[in-house]
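Student: this is a predicted model, with the sequence first.
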Amino acid sequence: MKKIAIIVGSLRKQSFNRSVAKYLASMAPEGYAISFPDIGRLALYNQDLDDTPTENWVQFRDEVKAVDALLFVTPEYNRSIPGVLKNAIDVGSRPYGQSVWSGKPGGIVSVSPGDIGGFGANHHLRQVLSCLNVYLMNHPEAYVGNIMEALDSSGQIIAEKTPTFLTKYMNSFIRWIGRF
């Protein structure tokens, strides 16, 4: 059984990103287990705590260590990634030399109400993750723009082209992680 962690960069209860992440999870074929590590409970990273990490840090690191692949679904905040996502990445990358991210295949989907689909966040996240030795899928890229038109009031995808695009992306991601 292959294990994929989907890291959602939005904490909002009615998060567009969580809706997209759940849809992607539903597209995983048999033989794949999906988890959604909770990044909202992580205290801000502080190197002083490396020797005595919080319980939430330890649980998060253990959960990410146990997976075979990483899929990040992120909104764009001010042309970059949300602070809560960057914090989770920092918590998982420390102590130095003990990163839970290193050597895992990964993918990025950015989701935005705007036309360009979180392009800035997608590329900032790509830069951070490549530094941490995450083997990111380069193609296809996934920028999901105008998300408010693609979802109904309960967060279900209703736009005609969005499910097709996300299914193709997830199929490519499954092929990508199969290479590792």
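Tutor: All right, it came through fine. Numbers count the residues shown, from 1 in each chain.

Student: contacts for the host helix or strand of Lys168 next, please.
Tutor: Using DSSP states H and E, Lys168 maps to helix 161-178. With contact meaning C-beta atoms under 8 Å, 6 or more residues apart in numbering, helix 161-178 is reached by 2, 4, 20, 23-24, 27-29, 32, 68-69, 71, 105, 107, 109, 137, 139-140, 142, 144, 150, 157. Yep, even glycine has a C-beta here, placed from its N, CA and C like the rest.

Student: ok, and for that helix, which residues are buried?
Tutor: In terms of neighbour count (16 or more other C-beta atoms under 10 Å), helix 161-178 has its buried residues at Thr162, Leu166, Tyr169, Met170, Phe173, Ile174, Trp176, Ile177.

Student: gap between the third one and Tyr23?
Tutor: Yep, that's Tyr169 we're talking about. From Tyr169 across to Tyr23, the span is 10 Å (C-beta to C-beta, to the nearest Å).

Student: same check, this time on the second one
Tutor: Between Leu166 and Tyr23 the computed distance is 6 Å (C-beta to C-beta).

Student: any common contacting residues for the two?
Tutor: In contact with both Leu166 and Tyr23: Ile157, using C-beta under 8 Å, 6+ apart.

Student: residues contacting Gly103?
Tutor: Asn133, Tyr135.

Student: and it, helix, strand or coil?
Tutor: Here Gly103 takes the coil state, with states given by DSSP: H, G, I helix; E, B strand; the rest coil.

Student: now do the same for it: its pLDDT.
Tutor: In this prediction, Gly103 carries a pLDDT score of 98.

Student: how about stretch 130-143: buried residues?
Tutor: Here stretch 130-143 shows Leu132, Val134, Tyr135, Leu136, Met137, Glu141, Ala142, Tyr143 as buried, counting by 16+ other C-beta under 10 Å.

Student: can you check stretch 97-107 too?
Tutor: For stretch 97-107, a neighbour-count test (16+ other C-beta under 10 Å) marks Ser99, Val100, Trp101, Lys104, Pro105, Gly106, Gly107 as buried.

Student: is Val109 located within a helix, as I assumed?
Tutor: No: assigned with three-state DSSP, Val109 falls outside any helix and is strand.

Student: for burial, what's the neighbour tally of it?
Tutor: 25 (other C-beta atoms under 10 Å).

Student: apart from its chain neighbours, what residue comes closest to it?
Tutor: Of all residues not flanking Val109 in the chain, Ala142 sits nearest, at 4.1 Å (C-beta to C-beta, 6 or more residues apart in numbering).

Student: contacts for the helix or strand that contains Val64 next, please.
Tutor: Applying DSSP H and E as the criterion places Val64 in helix 55-65. By C-beta under 8 Å, 6+ apart, the surrounding residues in contact with helix 55-65 are 5, 35, 37-39, 41-43, 49, 53, 70, 88, 91-92, 100-101.
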